[in-house]
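# any chance you can model this:
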Amino acid sequence: MAVVVVSGTGTEIGKTVVTSAVAALAAAGGRSVAVLKPAQTGVAPGEPGDAAEVVRLAGPGVTAAELARYPEPLAPDTAARRSGLPTVGPQEIAEAAEKLAASHDLVLVEGAGGLLVRFDEAGHTLADAARLLGAPVLVVAAAGLGTLNTTALTAEALRARGLESPGVVVGSWPAEPDLASRCNLADLPAVSGLPLLGAVPDGAGALAPAEFRAGAGAWLGPVLGGGWSSAEFLRRWPA
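A predicted model of the protein is given here:
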């Protein structure tokens with residue numbers, strides 16, 4: 001997979017941390033890695049954004065790229081309209097990703113919020129960029145109540161557009177998961193039709209970079225370069 005699109009089922013569910021863990025494992029395996037953030041919202045000029053956070057956690061050898069930045073924490077289309085700045089469309093995203101892929105083994109394209117968040121005036125989404133790229137979409141989901149619906153809807157939207165997905169990663173697994181979270185481990189693959197590929201612990205993004213890189217292999221499954229096992233995780237956290 002030369003290009004992988006990373007999409008959440010919503011906002012604030014650990015998408016950047018999952019992207020960082022995937023990047024860290026790929027870099028540790030000797031692959032050259034780039035992360036592309038098409039639209040960064042809610043960050044002022046000069047402040048580090050999500051792409052910079054991936055570099056901080058995954059390692060300075062990771063290349064960071066950003067296409068557009070808007071000051072208000074809104075959907076990219078809305079944020080662009082309110083700021084008077086130009087939007088970024090799927091063609092620009094695809095061209096930027098392909099350019100990075102020409103000089104890197106792996107390019108991670110991190111979306112903004114969910115799969116169908118609007119990026120431009122025409123209503124184009126991250127899914128449109130993934131389709132142009134022919135890239136798989138890694139889904140990052142929440143752990144607790146409500147995640148079955150949003151994950152199933154995301155998987156359905158992917159299939160409706162002919163997009164592939166390697167699976168689902170839980171972006172923030174609590175230290176003491178409640179009953180809903182534990183049940184969801186088995187139910188997420190059942191409702192989405194996608195395998196569970198990992199679970200990143202809550203607070204992982206606050207670890208020191210060296211600690212983060214050392215732990216990433218225990219959070220993600222073999223498809224993503226780690227040693228995490230869904231069967232073992234379910235045994236550890238029975239419903």
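# contact partners of the helix or strand encompassing residue 23?
Per DSSP states H and E: residue 23 is located in helix 15-28. Helix 15-28 is contacted by residues 4, 6-8, 33, 35, 50, 53-54, 57-59, 61-62, 105-106, 108, 110-111, 138, 140, 169, 171-172, 198, 200, 204-205, 212-213, 216-217, 219-220, 224-226 when judged by CB atoms under 8 Å, 6 or more residues apart in numbering. Where C-beta positions appear, they are placed from N, C-alpha and C, glycine not excepted.
# what about 7 Å?
Contacting residues not belonging to helix 15-28 are listed as 6, 8, 33, 35, 50, 53-54, 57-59, 61-62, 106, 108, 110, 140, 169, 171, 200, 204-205, 212-213, 216-217, 219-220, 224-226 [CB atoms under 7 Å, 6 or more residues apart in numbering].
# dump the helix or strand just after it to CSV, restricted to CA.
Next in sequence after helix 15-28, counting helices and strands by DSSP H and E, comes strand 33-41. What follows is strand 33-41, C-alpha atoms only, in CSV (Å, rounded to 0.1, in the frame of the first residue of the first chain):
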residue,chain,number,x,y,z
VAL,A,33,7.1,7.7,5.3
ALA,A,34,5.2,10.9,4.5
VAL,A,35,2.0,12.2,6.1
LEU,A,36,-0.3,14.5,4.2
LYS,A,37,-2.9,16.6,6.0
PRO,A,38,-5.0,18.1,3.2
ALA,A,39,-6.9,20.5,5.4
GLN,A,40,-5.9,21.5,9.0
THR,A,41,-8.6,23.4,10.9
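# angle of strand 33-41 against helix 15-28?
Interaxial angle, strand 33-41 versus helix 15-28 (axes from the mean of the first three to the mean of the last three CA atoms, to 10 degrees): 160 degrees.
# packing partners of the next helix or strand after strand 33-41?
The helix or strand immediately downstream of strand 33-41 is helix 50-58, counting by DSSP H and E. If you count contacts as 3 or more CB pairs under 7 Å, 6 or more residues apart in numbering; DSSP states H and E, helix 50-58 packs onto helix 15-28, strand 33-41, strand 63-70, helix 209-215.
# about what we covered before: could you give the angle of the helix holding residue 23 to helix 50-58?
Using the same axes, to 10 degrees: helix 15-28 against helix 50-58 is 50 degrees.
# isn't residue 129 right up against residue 90?
Yes: the criterion here is CB atoms under 7 Å, and residue 129 meets it with residue 90 at 4.0 Å.
# and the two? Which one has more around it.
Neighbour count, other CB atoms under 10 Å: between residue 129 and residue 90, residue 129 has more, with 28 against 21.
# any idea how far residue 192 is from the more buried one?
Separation of residue 129 from residue 192 (CB to CB, to the nearest Å) stands at 21 Å.
# first to last residue in stretch 141-151, what's the distance?
The first residue of stretch 141-151 is 6 Å away from its last residue (CA to CA, to the nearest Å).
# residues contacting that stretch, please?
9-10, 13, 139, 168, 170-174, 177-178, 180-181, 184, 187-188, 191-192.
# centre of the chain to that stretch, how far?
In terms of CA atoms, centre = their mean, to the nearest Å, the centre of stretch 141-151 is found 15 Å from the chain centre.
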